[in-house]
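**Q** Next one to model:
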Amino acid sequence: MRRRVLLGSLPAAAAYSVLSPLALPRAARAQAATKTTVGLLRLASSAPVFIAQEKGYFREAGLDVELKIFTAAAQVPNAVVSGDAEFGVTGLTAGFYNLSGRGGPVIIAAQSRDEKGFQLSAIMATRAAYDAGLRSAADLRGKRIANTTAGSTFHYMIGRLAQAKNFPLSSVTLVNLQTLPNMASAFKGGQVDAMIVPATVARPIEAEGAGRIIGWVGDEAPWQLGALFTAPRMIAEKRPTVERFVRAYVRACGEYHAAFNQRDAAGNATKGPGYDALLGIVAKAMQQPPERVAGSLAYIDPQGRLDVGDVHNQVRLWQSLGLVAANVNPASTIDLGFVQGHFNLPR
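**A** Model (predicted):
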């Protein structure tokens, strides 16, 4: 009764603030959230982070997350190493594994995969090479293939195709051109026979008659393209923050899967629950028209699970080429404790 009397003597707004934390000013409530940062690129593969941020999943997990946008994949793990970002999400490269092997970033969940039925990474032949018989991934043996840089995701895709089609990677000539625009120019100019590029790059080139799409990497040689990672010090010193971040991230992965990963009986993409709303969120974050974003949606596992075997394969391939130090243990680049059910675990 005394409490009721005291509250009754307060102004209504003051009494409500005592009874309900939701009545506190927004700034006061935000102080209770743990501040953290995540580095990423404005790509569709970053969609779970965009979704978790926009829909408040990070906030519900008690996190105040700042998104730090970078323009190159290599910048993201470097930011995690330097402390400029506490989490990172981007494609996996030889450079990433070298950093990880020196005590740098550790993979804690999956990002995108090149998966069967998902037209993400196109294998292209120039018009002249196609006419001369380059019609499939198996025909890449002995060809000149455009690449960005040694150790890139494009480099690994060529290596995976060589493994899948049983030809030595040394039988192809890689022409390192630094950027996608340079690759496209060399392709159109006939300086190379083939290239692997995102579907959003490949389709306009095919439409103008400069080359042909002869296959998709996901159909020929699925692989783990990207990952969510953090620094060992975060796991050691701020494990609850890492757990909460992963929980919100995986929640968004589930929504992404339901909306974007669906296929009909014929293998054609279909719109799942929340498709248009989620596409709008991703398009806004990418600063791109929704129709363009729709053509770049990769497969993302609904539970954030990794193809662990492929991560091991990536390290071994880079080591065989001298691009990752021989003493890097693939198992040390991953912490399997934050997500359950990872698959293709090496025995």
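
**Q** okay, CA-based contacts and neighbour counts for the rest of this
**A** Fine.

**Q** All the helices of the stretch 51-200 of the chain, residue numbers only.
**A** Secondary structure of the stretch 51-200 of the chain (DSSP state H, counting those that start in this stretch): helices at 57-60, 75-82, 94-101, 127-131, 153-165, 180-188, 199-207.

**Q** per-stretch mean pLDDT over those, give me the minimum one.
**A** When these are ranked by mean pLDDT, helix 199-207 comes last with a mean of 92.

**Q** Can you name the residues in contact with that one?
**A** Gln119, Leu120, Ser121, Ala122, Met124, Gly211, Arg212, Ile213, Arg292, Gly295, Ser296 (Cα atoms under 8 Å, 6 or more residues apart in numbering).

**Q** Wait, Gly226 touches Pro77, no?
**A** No. Assessed by Cα atoms under 8 Å, Gly226 is found out of contact with Pro77, at 11.8 Å.

**Q** Between those two, point out the one with more neighbours.
**A** The neighbour comparison of Gly226 against Pro77 (other Cα atoms under 10 Å) goes to Pro77, with 32 against 24.

**Q** ok so Leu228 is a helix residue?
**A** No. Leu228 is assigned strand when assessed by DSSP: H, G, I helix; E, B strand; the rest coil, not a helix.

**Q** From Ala146, how far off is the closest residue to it other than its chain neighbours?
**A** Ranked by Cα to Cα, 6 or more residues apart in numbering and with sequence neighbours excluded, the top spatial neighbour of Leu228 is Val89, at 4.4 Å. As judged by Cα to Cα, to the nearest Å, Val89 and Ala146 stand 25 Å apart.

**Q** higher neighbour count, those two?
**A** Shown here are Val89 and Ala146; by other Cα under 10 Å, Ala146 has more neighbours (29 against 26).

**Q** Contact partners for the more buried one?
**A** Contacts of Ala146 by Cα under 8 Å, 6+ apart are Leu174, Val175, Asn176, Leu177, Met183, Ala186, Phe187, Val192, Asp193, Ala194, Met195, Ile196.

**Q** for this protein, what helix or strand is lowest in average pLDDT?
**A** helix 12-19 (a mean of 38; mean pLDDT, DSSP states H and E).

**Q** residue ranges with poor pLDDT in the stretch 1-150 of the chain?
**A** Low-confidence segments of the stretch 1-150 of the chain, defined by pLDDT under 70: 1-31.

**Q** for it, what spans make up the strands?
**A** Assigned by DSSP state E, counting those that start in this stretch, the stretch 1-150 of the chain shows strands spanning 34-41, 63-70, 87-91, 106-110, 112-114, 121-126, 144-147.

**Q** picking up where we left off before, adding distance to Gln314, write the contacts of helix 199-207 out as CSV.
**A** Formatted as CSV, those follow (distance: Cα to Cα, whole Å):
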residue, distance to Gln314
Gln119, 21
Leu120, 19
Ser121, 17
Ala122, 20
Met124, 23
Gly211, 29
Arg212, 28
Ile213, 25
Arg292, 30
Gly295, 27
Ser296, 23
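
**Q** Out of the residues you listed, the closest to Ala325 would be?
**A** Ser121 (27.7 Å; Cα to Cα).

**Q** wait, what's in contact with the residue nearest to the closest one when sequence neighbours are not counted?
**A** Nearest in space to Ser121, with sequence neighbours left out and distances taken as Cα to Cα, 6+ apart, is Pro198 at 4.6 Å. For Pro198, the contact set (Cα under 8 Å, 6+ apart) comprises Leu120, Ser121, Ala122, Ser296.

**Q** got it, and Phe167?
**A** Ala138, Arg141.

**Q** which residues touch Leu174?
**A** Arg144, Ile145, Ala146, Asn147.

**Q** Those into CSV, with extra columns for distance to Ile51?
**A** Formatted as CSV, these follow (distance: Cα to Cα, whole Å):
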residue, distance to Ile51
Arg144, 40
Ile145, 36
Ala146, 34
Asn147, 31
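
**Q** Now for these: which two are most distant?
**A** Arg144 and Asn147 (9.7 Å).

**Q** Do you know the pLDDT at Asp335?
**A** 97.

**Q** What about it? Give its phi and psi, please.
**A** phi -110, psi 110 (degrees, to the nearest 10).

**Q** Once you drop chain neighbours, what's closest to it?
**A** The shortest distance from Asp335 to any non-neighbouring residue, by Cα to Cα, 6+ apart, is to Ile108 (5.4 Å).
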